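Engineer: what follows is a predicted structure for the sequence shown.
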Amino acid sequence: MTSTASAPIACTLSGGDFKDRVGWIRELSAKSLRSHHRDGLMLELTYDRCATADVHDLVRRERACCGFLRFDVRESADAIHLTITAPPEAQSAADDLFAHFVA
């Protein structure tokens, strides 16, 4: 797992790949996101249980391109919960970082 302390605060996707990824994330959110809550550098997302495979795929993909973010997944009987945490160094970019997950 990539250490958030040493990873640069930057997405490694190219412009076109980034646009495709954001579109895919927004589609997932429109289809399966039940609720979200943001507290500073932490974003808590709750998805329908039927989106479990997609949420795990999302985490795998995002860890590969945004190694500075921390992703924690927890499953319950009726939902899948994802918490994304940005490091303090990303404070000024947090709004942009989290925007496409809840749009």
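Structural biologist: That came through fine. The structure displayed is predicted, hence computed values, not measured ones. Numbering: from 1, shown residues only.
Engineer: buried ones in stretch 80-97?
Structural biologist: Neighbour counts using 16 or more other CB atoms under 10 Å place 80-86, 90, 94, 97 of stretch 80-97 among the buried residues. Heads up, the C-betas are built off the backbone N, CA and C, glycines and all.
Engineer: gap between residue 44 and residue 34?
Structural biologist: In this view, residue 44 and residue 34 are 11 Å apart by CB to CB, to the nearest Å.
Engineer: check the offset of stretch 66-79 from the chain's centre.
Structural biologist: Distance of stretch 66-79 from its chain centroid, counting by CA atoms, centre = their mean, to the nearest Å, is 8 Å.
Engineer: pretty sure residue 102 sits against residue 46.
Structural biologist: No - using CB atoms under 8 Å, residue 102 makes no contact with residue 46, being 11.2 Å away.
Engineer: shared neighbours of these two, anything?
Structural biologist: Taking CB atoms under 8 Å, 6 or more residues apart in numbering as the criterion, residue 102 and residue 46 both touch 33, 36.
Engineer: those two: which is more packed in?
Structural biologist: Each of residue 102 and residue 46 has its neighbours counted (other CB atoms under 10 Å); residue 46 has more, 18 against 15.
Engineer: quick one, what contacts the more buried one?
Structural biologist: 33-36, 79-82.
Engineer: possible to save the residues you listed as TSV with distance to residue 52, pLDDT and secondary structure?
Structural biologist: Compiled in TSV, the contacts of residue 46 are given as follows (distance: CB to CB, whole Å; pLDDT from 0 to 100; DSSP: H, G, I helix; E, B strand; the rest coil):
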residue	distance to residue 52	pLDDT	secondary structure
33	13	98	strand
34	13	98	strand
35	16	98	strand
36	17	98	strand
79	9	98	strand
80	5	98	strand
81	11	98	strand
82	11	98	strand
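Engineer: and the residue of the chain most remote from its centre, how far is that from residue 49?
Structural biologist: Centroid-distance maximum for the chain: residue 77 at 21.3 Å, with CA atoms, centre = their mean. Distance of residue 77 to residue 49, computed by CB to CB: 8 Å.
Engineer: and the closest residue in space to residue 32 that isn't next to it in sequence, how many neighbours?
Structural biologist: Closest residue to residue 32 apart from its sequence neighbours, by CB to CB, 6 or more residues apart in numbering: residue 51 at 3.7 Å. Using other CB under 10 Å as the criterion, residue 51 is surrounded by 20 other residues.
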